[in-house]
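Chemist: Task: produce atomic coordinates for the following.
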Amino acid sequence: MRDRYARIETVDGPATVGDICVIDFLGMIDGEAFDGGSGQNYSLELGSGSFIPGFEDQLIDAKAGDEVPVFVVFPEDYRPEDLAGKEAVFAVTVKEVKRKLLSDMDDEFAKDVSEFETLAELRADLAAKLDKEAKERSQADWESKVVENAAAGAEVALPEGMVSLRADHLMQEFSQRLRQQNLDLDKYLEITGGKLEDAENDMRQRAQDELKTELVLYAVAKAEGLAVSDGDLEEEYARLAGQTDQTVETIKKIYTGSKGMAKSIRENLLMSKTIKRLAELAVATESADAVAAVAAADAEATDLAATAELFEAAAEVADSAEAAAAAIAADLAAAAVPAEAEDLAPAAE
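Modeler: Sure thing, here's the model as predicted:
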């Protein structure tokens, strides 16, 4: 916490571990510059390990205005692969050295960074928040394991059109996140050394896993008689309002003003209820594995295979399989958002 609220000051002396060097750099391999090997006004914290091994160490004791040759060897497992294992030299210009000045941990610090009057109160509040976060993470991990086991215990043949549509949707979302980082899929694959075929296969597997899980959860919800009440919706509106600093009425207008969003929020709440119900069953049996049998029985009771066949039949009678799959997908819970691609720093990282 002291680090988060530290004051940053420019220093005239040599840089040391923990200091931030603002640098320009140009990397060369065999006398030739390479893609991703240059940058300007880059803030590099020495000792952070954000650049390749050996780079930061050679800037210790450098001062503003120094020009430092930095000699490194790219790791054997570095991506992109064409740089792996190669020797490089970086011409580095240190433009500024900044240092973090940490405040004393006392009552005055507590007053400056929080609503509390004493350091003891601040520490007690932080401890309570950390304990709450740890319990929530533990519960989330448990629920994830329960759902995974429940889905593994059921068998269902997914319609091809449904799987393809979901896989395409996941790939589109991933591509959109890359564009937000000024990248496209081809560039990302080049940097990571991946192949388009592997990426498509990964998305397809994710699509199958998501759809199977959703169908199992729907079957369990039906068998357990779970439903979303108006009270559940009001609580969710209030929660969303608190997260977004909007009024409850504004949130309600957003979700009730669109048929798709109104259905989506109900489906998401139903999935959440079902997951919690499965977790309760698992706790009662003291086993996440045992509850898989319950989920499989529920799925069988609701004829999950027949449900999938109905999806396939709907695609055949619609104007097109894609249109039918889109309608079906709208009725399913919202797809899990793919993890954002990690921020891609310059190749020197």
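Chemist: residue boundaries of the strands in the stretch 1-150 of the chain?
Modeler: For the stretch 1-150 of the chain, the strands defined by DSSP state E, counting those that start in this stretch occupy 7-10, 20-29, 32-45, 67-73, 87-101.
Chemist: Output the ones you listed in CSV; the columns should cover distance to Arg239 and mean pLDDT.
Modeler: Yep, even glycine has a C-beta here, placed from its N, CA and C like the rest. Output for these, formatted as CSV (distance: least, Cβ to Cβ, whole Å; pLDDT from 0 to 100):
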stretch, distance to Arg239, mean pLDDT
strand 7-10, 36, 90
strand 20-29, 38, 97
strand 32-45, 37, 93
strand 67-73, 49, 97
strand 87-101, 36, 95
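Chemist: Now render those strands as CSV, adding distance to Ile251 and mean neighbour count.
Modeler: Shown next, in CSV, are the strands of the stretch 1-150 of the chain (distance: least, Cβ to Cβ, whole Å; neighbours: other Cβ atoms under 10 Å):
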stretch, distance to Ile251, mean neighbour count
strand 7-10, 38, 10
strand 20-29, 41, 19
strand 32-45, 38, 15
strand 67-73, 51, 15
strand 87-101, 40, 17
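Chemist: Would you mind telling me which of those strands is nearest Glu121?
Modeler: Among the strands of the stretch 1-150 of the chain, strand 7-10 comes nearest to Glu121, with 23.3 Å by Cβ to Cβ.
Chemist: got any ranges where this protein has weak pLDDT?
Modeler: Counting by pLDDT under 70, the chain contains low-confidence residues at 284-349.
Chemist: again, only this time at 80
Modeler: Within the chain, the ranges that satisfy pLDDT under 80 run 1-6, 153-156, 282-349.
Chemist: biggest helix in it by residues?
Modeler: helix 119-152 (DSSP state H).
Chemist: packing partners for that helix?
Modeler: helix 107-113, helix 196-224, helix 259-285, helix 290-301 (3 or more Cβ pairs under 8 Å, 6 or more residues apart in numbering; DSSP states H and E).
Chemist: List just the one of the strands of the stretch 1-150 of the chain that sits closest to Ala279.
Modeler: Per Cβ to Cβ, nearest to Ala279 of those: strand 32-45, 40.9 Å.
Chemist: Name the residues that touch the closest one?
Modeler: Contacts to strand 32-45, defined as Cβ atoms under 8 Å, 6 or more residues apart in numbering, come from residues 18-29, 50-51, 56, 59, 83, 88, 90, 95, 98, 191, 346-348.
Chemist: Including distance to Glu160, could the strands of the stretch 1-150 of the chain go into a markdown table?
Modeler: Formatted as a markdown table, the strands of the stretch 1-150 of the chain follow (distance: least, Cβ to Cβ, whole Å):
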| stretch | distance to Glu160 |
| --- | --- |
| strand 7-10 | 56 |
| strand 20-29 | 47 |
| strand 32-45 | 39 |
| strand 67-73 | 48 |
| strand 87-101 | 48 |
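Chemist: Perfect, I'm done here.
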